[in-house]
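S.K.: here are the coordinates; sequence isn't available:
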């Protein structure tokens, strides 16, 4: 069975800034809450990293279904020993021209995106 799409049908894709953008601290891009969320695995779930006023650091497990609270007075903090996926992501920030050209080659004629 073959289906013909109607004239004017829009074929495309979509991305979210924290999933693909990268470019943290470049070109005026500020930090978002996702920039403090680490990667995760079964053994070490994703978490949000923070620093307390006394200088100590901590991690609050993050989950869409059951996120943990961050203590009062805590500030977001980037740890050198953790990986933060949003910092580089797929590096759309530096490769958007070639990425959009690839979508065009695939026949996409619309693209919905968000920016940080």
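M.R.: On my side now, so go ahead. Fair warning: this is a prediction, and the values are worked out from it, not measured in the lab.
S.K.: not counting residues beside it along the chain, what's closest to residue 51?
M.R.: Spatial nearest neighbour of residue 51, excluding adjacent residues (Cβ to Cβ, 6 or more residues apart in numbering): residue 77 at 3.8 Å. Where you see a C-beta, it was placed from the backbone N, CA and C, and this is true even at glycine.
S.K.: can you give me the neighbour number for that neighbour?
M.R.: Residue 77 has 15 neighbours, counted by other Cβ atoms under 10 Å.
S.K.: pull the helix or strand with minimum mean pLDDT from the chain.
M.R.: Ranked by mean pLDDT, DSSP states H and E, the weakest helix or strand in the chain is helix 17-20, scoring a mean of 88.
S.K.: report the distance from it to the chain centre.
M.R.: Relative to its chain's centre, helix 17-20 lies at 3 Å (Cα atoms, centre = their mean, to the nearest Å).
S.K.: one more: stretch 53-72?
M.R.: With Cα atoms, centre = their mean, you get 19 Å for stretch 53-72.
S.K.: contacts for it, please.
M.R.: Residues outside stretch 53-72 that contact it (Cβ atoms under 8 Å, 6 or more residues apart in numbering): 37-38, 45-52, 73-74, 77, 79.
S.K.: can you rerun that using 6 Å?
M.R.: Outside stretch 53-72, the residues that touch it by Cβ atoms under 6 Å, 6 or more residues apart in numbering are 37, 45, 46, 47, 48, 49, 50, 51, 73, 77.
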